[in-house]
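A.B. asks: Let's see this in three dimensions:
(one chain, ligands or ions: 1)
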Amino acid sequence: MLKVDIESFCYQDRTVLEDISFQVAQGEHLALMGESGSGKSTLLKIIYGLLHVENGSVSWQNAAALGPNFNLVPGESYMKYLSQDFDLMPFTTVEENVGQYLSVFERDSHPQRIKELLKLIELEDFAKVKVKNLSGGQQQRVALARVLALEPEVLLLDEPFGHIDNFKRSSLRRNLYAYLKKQGITVLTASHDPNDVLPYTNRTLILENGKMAALDDTKLLFNNPPNYYIASLFGEVNKVPIRLLKSYAEIDRSVLVYPHEFKVSKTTGLKVVVNNSFFKGTHYLNEGVTEEGSVLFFSTSNELTNGEAIFLNVSLETINARLQVEQRTNT
Ligand SMILES: Nc1ncnc2c1ncn2[C@@H]1O[C@H](COP(=O)(O)OP(=O)(O)OP(=O)(O)O)[C@@H](O)[C@H]1O
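C.D. replies: Down below sits the predicted model:
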């Protein structure tokens with residue numbers, strides 16, 4: 001079990017983390033989400049032991065992680081941290097970079113282990129290439145292989161696919177997370193990308209201005225986001241007054257609605273005039289303006305014409321579910 005308790009953490013005199021307290025079970029995969037500057041990287045650096053936290057503690061399996069004021073070389077041996085800057089040796093080859101992190105006591109198994117890791121990151125053909133001659137995305141994959149070399153018990157990943165193109169990203173993500181799960185490695189992934197988070201993580205911790213805005217089951221957070229900030233980390237979202245959706249409603253509140261949750265009708269519902277229809281590959285994301293002048297985003301399978309009037313509907317189940325979440329988080 002990884003236990004993190006941070007009362008506060010400051011850079012110079014600016015507090016950037018406050019009241020952070022959570023636990024991660026062995027083998028669990030926790031996502032860290034939050035807007036840029038919310039404190040994700042800082043939190044990972046504290047956990048790894050790169051930053052000293054005066055008011056707080058980190059422990060793994062009930063043993064305290066002591067941080068940089070106590071360790072000659074920062075970082076705990078059972079943990080690895082993949083930072084946003086890759087920290088590679090540019091003038092040596094891919095296999096040397098990965099091999100450097102393998103145990104000196106098991107030299108015989110190095111070639112096999114390097115081969116295995118290069119296969120995982122899909123860079124087998126680049127084993128003899130110097131790192132300085134690789135693209136940014138390829139370098140990020142080498143950095144990933146390096147942190148995996150010694151099979152850490154805890155792996156901290158900071159935007160691990162940020163430099164990798166979509167073509168490689170999907171398969172790499174699948175292979176990597178399947179591998180980590182199989183090995184029972186405890187993982188924390190900080191990411192802006194819901195595609196890194198939704199399919200692969202058990203729980204998600206949301207940071208907002210250095211504070212914990214939520215910590216819950218990932219699917220639950222997506223399906224029933226407690227507020228607009230949290231929902232918008234997963235993609236486009238609308239805040240819609242219930243009285244516009246159900247004319248008979250006596251409730252003066254708004255609910256969060258994702259674009260895919262609107263059902264489109266030609267005759268009944270909340271009237272909007274289409275302003276834009278963006279092709280998203282699998283669907284169209286449309287921008288519509290209500291009679292009150294607010295903008296709503298909704299999905300359709302077909303392209304809509306600008307100026308066309310259509311009607312939006314949201315199911316009672318969705319509205320009720322959202323109202324219940326609000327009640328739960330307000331009590
Ligand atoms: N070394 C530093 N010295 C002073 N302030 C810092 C330092 N590093 C980060 N900060 C500040 O601390 C806050 C949190 O930064 P952090 O990098 O942890 O956020 P983040 O959520 O990881 O952002 P991003 O998603 O953009 O990587 C920001 O306001 C940032 O400007």
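A.B. asks: can we go C-alpha only for contacts and neighbour counts from here?
C.D. replies: OK.
A.B. asks: For the helix or strand that contains residue 117, buried residues please.
C.D. replies: Residue 117 is part of helix 110-120 when elements are defined by DSSP states H and E. Within helix 110-120, the residues that count as buried by 16 or more other C-alpha atoms under 10 Å are 110, 113, 114, 117, 118, 120.
A.B. asks: Against which helices or strands is it packed?
C.D. replies: helix 94-99, helix 136-149, helix 166-183 (3 or more C-alpha pairs under 8 Å, 6 or more residues apart in numbering; DSSP states H and E).
A.B. asks: Next secondary structure after the last one?
C.D. replies: On the C-terminal side of helix 166-183, the nearest following helix or strand under DSSP H and E is strand 186-190.
A.B. asks: does residue 47 count as helix, strand or coil?
C.D. replies: Taken by DSSP: H, G, I helix; E, B strand; the rest coil, the conformation at residue 47 corresponds to helix.
A.B. asks: which residues touch residue 239?
C.D. replies: 228, 254, 255, 256, 257 (C-alpha atoms under 8 Å, 6 or more residues apart in numbering).
A.B. asks: Mind doing that once more with 7 Å?
C.D. replies: Neighbouring residues of residue 239 by C-alpha atoms under 7 Å, 6 or more residues apart in numbering: 254, 255, 256, 257.
A.B. asks: Helices - which of those land there?
C.D. replies: Secondary structure from DSSP state H places none of the contacts of residue 239 in helices.
A.B. asks: for those, which one is nearest residue 224?
C.D. replies: The closest of these to residue 224 turns out to be residue 256 (C-alpha to C-alpha; 8.9 Å).
A.B. asks: Quick check: beta-bridge partners of the closest one?
C.D. replies: In this structure, residue 256 bridges to residue 239 when assessed by DSSP bridges.
A.B. asks: Quick check: phi and psi at residue 40.
C.D. replies: Backbone geometry at residue 40, expressed as degrees, to the nearest 10, gives phi -60, psi -50.
A.B. asks: List the residues that contact it.
C.D. replies: Applying C-alpha under 7 Å, 6+ apart, the residues contacting residue 40 are 32, 190.
A.B. asks: Can you give me the separation between it and residue 191?
C.D. replies: Per C-alpha to C-alpha, to the nearest Å, residue 40 is found 8 Å from residue 191.
A.B. asks: next one: residue 12
C.D. replies: For residue 12, the distance to residue 191 - C-alpha to C-alpha - is 26 Å.
A.B. asks: Tell me which of those two has more neighbours.
C.D. replies: Each of residue 12 and residue 191 has its neighbours counted (other C-alpha atoms under 10 Å); residue 191 has more, 24 against 7.
A.B. asks: so which of the buried residues of helix 110-120 comes closest to the ligand?
C.D. replies: residue 120 (25.5 Å; C-alpha to the nearest ligand atom).
A.B. asks: list the contacts for that closest one?
C.D. replies: If you count contacts by C-alpha under 7 Å, 6+ apart, residue 120 has them with 175, 176.
A.B. asks: Quick check: residues of the chain near the ligand?
C.D. replies: By C-alpha under 6 Å from any ligand atom, the residues of the chain that approach the ligand are 11, 16, 35, 36, 37, 38, 39, 40, 41, 42.
A.B. asks: what do you get if the cut-off is 8 Å, keeping everything else the same?
C.D. replies: Within the chain, the positions near the ligand by C-alpha under 8 Å from any ligand atom are 11-12, 14, 16-17, 33-43, 84, 158-159, 190-192, 207, 210.
A.B. asks: Filter these down to just the buried residues.
C.D. replies: Neighbour-count burial (16+ other C-alpha under 10 Å) applied to those gives 16-17, 33-35, 38-43, 84, 158-159, 190-192, 207, 210.
A.B. asks: Nearest residue to the middle of the chain?
C.D. replies: Nearest residue to the geometric centre of the chain (C-alpha atoms, centre = their mean): residue 191, 3.2 Å.
A.B. asks: Excluding chain neighbours, give the residue nearest to it in space.
C.D. replies: residue 159 (4.9 Å; C-alpha to C-alpha, 6 or more residues apart in numbering).
A.B. asks: which residues touch that neighbour?
C.D. replies: Counting by C-alpha under 7 Å, 6+ apart, residue 159 touches 84, 190, 191.
A.B. asks: any idea how far residue 125 is from the first one?
C.D. replies: Counting by C-alpha to C-alpha, the separation of residue 84 from residue 125 is 24 Å.
A.B. asks: could you pull out the helices for the chain?
C.D. replies: 40-48, 94-99, 110-120, 136-149, 166-183, 194-197, 218-223, 228-233, 242-245, 316-330.
A.B. asks: residues bridging contact with residue 40 and residue 191, i.e. touching both?
C.D. replies: residue 32.
A.B. asks: any chance of the contacts of residue 159 in TSV, with pLDDT and distance to residue 320 too?
C.D. replies: Output for these, formatted as TSV (pLDDT from 0 to 100; distance: C-alpha to C-alpha, whole Å):
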residue	pLDDT	distance to residue 320
84	78	41
190	96	31
191	94	30
